[in-house]
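Participant: How does the following fold in three dimensions:
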Amino acid sequence: MGIFDMMSISASALSAERQRAEVTSANLANAETTHTESGGPYVRKEVVFSTTNASPFQTVFNRLGSFGDAPAGSVRLTDVVDDPSPSVRRYEPGNPDADKDGYVAYPAINPITEMVDLMSATRAYQLNASAISAAKQMIQESIDILKTT
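Facilitator: Here you go, the predicted structure:
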């Protein structure tokens, strides 16, 4: 692992957690959206993360100075998928989006779950920012030690 790999890994996690927070915020913002362009209620979105697994050859090239790929262990957002949960039906006969029986389909979004996801993304973001800060401090202290010798 190179000297800057830990910073690259944490930076990739910062980006992934920011995207997770954006998706969760969109879910909260659309919790009452009963009509979208596709015609039905808003569908809750979920993020899918994965790690990059560099091959031994990529690791060697990264150490030689070819920084084309992220180091092994970096996090990336693989996909944003629709939640398969069925929509919640509420009896509102006066609503323009009601069906013939008077029921309106609402997104299957639980604000408590979304807030927990948002707090989790925020906390993970803070931890990765702290890891970058610690790595930066270690590098700076190493440089200071080398200056004195």
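
Participant: Check which helix or strand the most centrally placed residue in the chain maps to.
Facilitator: Nearest residue to the geometric centre of the chain (CA atoms, centre = their mean): Arg20, 2.6 Å. If you go by DSSP states H and E, Arg20 is part of helix 5-29.

Participant: What residues sit buried inside that helix?
Facilitator: Residues 5-17, 19-21, 23-24, 27 are the ones in helix 5-29 that count as buried (16 or more other CB atoms under 10 Å). Heads up, the C-betas are built off the backbone N, CA and C, glycines and all.

Participant: Can you pull the poorly scored residue ranges out of this protein?
Facilitator: 1, 54-70 (pLDDT under 70).

Participant: which residues in it form strands?
Facilitator: 45-51, 75-82, 88-91, 103-106 (DSSP state E).

Participant: For the second one, list every residue counted as buried.
Facilitator: Residues of strand 75-82 classed as buried under the neighbour-count rule (16+ other CB under 10 Å) are Val75, Leu77.

Participant: Confirm for me that Ala11 is in contact with Ala129.
Facilitator: No. Taking contacts as CB atoms under 8 Å, Ala11 lies outside contact range of Ala129: 9.6 Å.

Participant: Any idea how many residues pack against Ser142?
Facilitator: 11 (other CB atoms under 10 Å).

Participant: Report the separation between it and Ile3.
Facilitator: Distance of Ser142 to Ile3, given as CB to CB, to the nearest Å: 8 Å.

Participant: cool, and Ala134?
Facilitator: Ala134 is 13 Å from Ile3, by CB to CB.

Participant: and if you look at Glu32?
Facilitator: Note on Glu32: its distance to Ile3, by CB to CB, is 49 Å.

Participant: Could I get the contacting residues of the closest residue in space to the residue nearest to the centre of the chain that isn't next to it in sequence?
Facilitator: Distance criterion CB to CB, 6 or more residues apart in numbering; nearest residue to Arg20, sequence neighbours excluded, is Ala121 at 4.4 Å. By CB atoms under 8 Å, 6 or more residues apart in numbering, the contact set of Ala121 is Glu17, Arg18, Arg20, Ala21, Thr24.

Participant: How about Ser85?
Facilitator: Counting by CB under 8 Å, 6+ apart, Ser85 has contacts Arg44, Ala108.
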